[in-house]
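# Here is my input, please return the structure:
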Amino acid sequence: MSDHLTLVDHPLVQHKLSIMRDKETSTKSFRQLLREISHLLAYEVTRDLPLTTKRIETPLTEMEAPRLDGKKLALVSILRAGNGLLDGILDLIPAARVGFVGLYRDEETLQPVQYYFKVPEALEDRLVIAVDPMLATGNSSAAAIDLLKEAGAKNIRFLCLLAAPEGIARMKEAHPDVSIVTAAVDERLNKVGYIVPGLGDAGDRMFGTR
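Numbering: from 1, shown residues only. Presented below is the predicted three-dimensional model:
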């Protein structure tokens, strides 16, 4: 894809995503599949992390062994559905710092309203990966990135499961410096802002709140 958008079309990702889209898939299975997919997406979004070396001793000899360089990266969940991706990424990167951004959409203005914001310190020195399964209109995602930049973040990536063309365009307009990694780009948004064909409300399906 482009520098701004990376589509992870690995067969395992696409297979698991198809099961998640099925309306008959249970809450338990949906949650487990989201965690599994997040492992695979995390591999892609962290592909070019900087490395240094550290001298270690194996059972046979000494060697200069590659290790991650710099401050530990920060994972920021856009509540509430972002927690599904967050949990899986933490399986792979348990030492990551973690933050949360809470936003809801005002039903009259349709604009995102902040209700919670707690992030690690020294964001300017960390790679920050913001996670939310759905990039729909892009308004909430763009607002979350605004908040992260205000908190000092300079190197930000956005990780999602599904993206709509409208959301991708909105993010590119608002934050052209923030790359997007996603498992699928769907057709469009419907009249109420849901991704089509999509998978419904990710938070409801993950937490069984429908």
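# How about Leu73, nearest residue that isn't a chain neighbour?
Take Leu73 and drop its neighbours on the chain: the residue closest to it by CB to CB, 6 or more residues apart in numbering is Leu127, 4.3 Å away. C-beta here means a position set from N, CA and C on the backbone, and glycine is covered the same way.
# who touches the one you found in this structure?
49, 70, 73-74, 155, 157 (CB atoms under 8 Å, 6 or more residues apart in numbering).
# Could you dump those into JSON lines with pLDDT and secondary structure added?
Converted to JSON lines, the contacts of Leu127 look like this (pLDDT from 0 to 100; DSSP: H, G, I helix; E, B strand; the rest coil):
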{"residue": "Leu49", "pLDDT": "90", "secondary structure": "coil"}
{"residue": "Gly70", "pLDDT": "81", "secondary structure": "coil"}
{"residue": "Leu73", "pLDDT": "92", "secondary structure": "coil"}
{"residue": "Ala74", "pLDDT": "95", "secondary structure": "strand"}
{"residue": "Asn155", "pLDDT": "95", "secondary structure": "strand"}
{"residue": "Arg157", "pLDDT": "96", "secondary structure": "strand"}
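# does Asp3 really touch Ser179, like I thought?
Yes: using CB atoms under 8 Å, Asp3 is in contact with Ser179, at 6.7 Å.
# higher neighbour count, those two?
Higher neighbour count among Asp3 and Ser179: Ser179, with 19 against 7, using other CB atoms under 10 Å.
# In the sheet, which residues pair with the more buried one? Tell me.
Assessed by DSSP bridges, Ser179 has beta-bridge partners Arg157.
# show me the contacts for it.
3-6, 157-158.
# Just the buried residues of the host helix or strand of Ser140, please?
Ser140 is located in helix 139-150, with elements delineated by DSSP states H and E. Residues 139-145, 147-149 are the ones in helix 139-150 that count as buried (16 or more other CB atoms under 10 Å).
# so after the lengthiest helix in the chain, what's the next helix or strand?
In the chain, taking DSSP state H as the definition, the longest helix is helix 27-45. Per DSSP H and E, the first helix or strand lying C-terminal to helix 27-45 is strand 51-57.
# Can you list the strands that that following strand pairs with?
Assessed with DSSP bridges, strand 51-57 is paired to strand 62-68 (antiparallel).
# Buried by neighbour count: which residues of the partner strand qualify?
By neighbour count with 16+ other CB under 10 Å, strand 62-68 contains no buried residues.
# hang on, the earlier thing: can you turn the buried subset of the contacts of Ser179 into a selection I can paste into PyMOL?
Listed next is the PyMOL selection for buried residues among those, using 16+ other CB under 10 Å:
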select buried, resi 5+6+157+158
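# Quickly list what the residue nearest to Leu73 is bridged to.
Beta-bridge partners, per DSSP bridges, of Leu127: Asn155.
# Tell me how far it lies from Gly193.
Distance, Leu127 to Gly193, using CB to CB, to the nearest Å: 30 Å.
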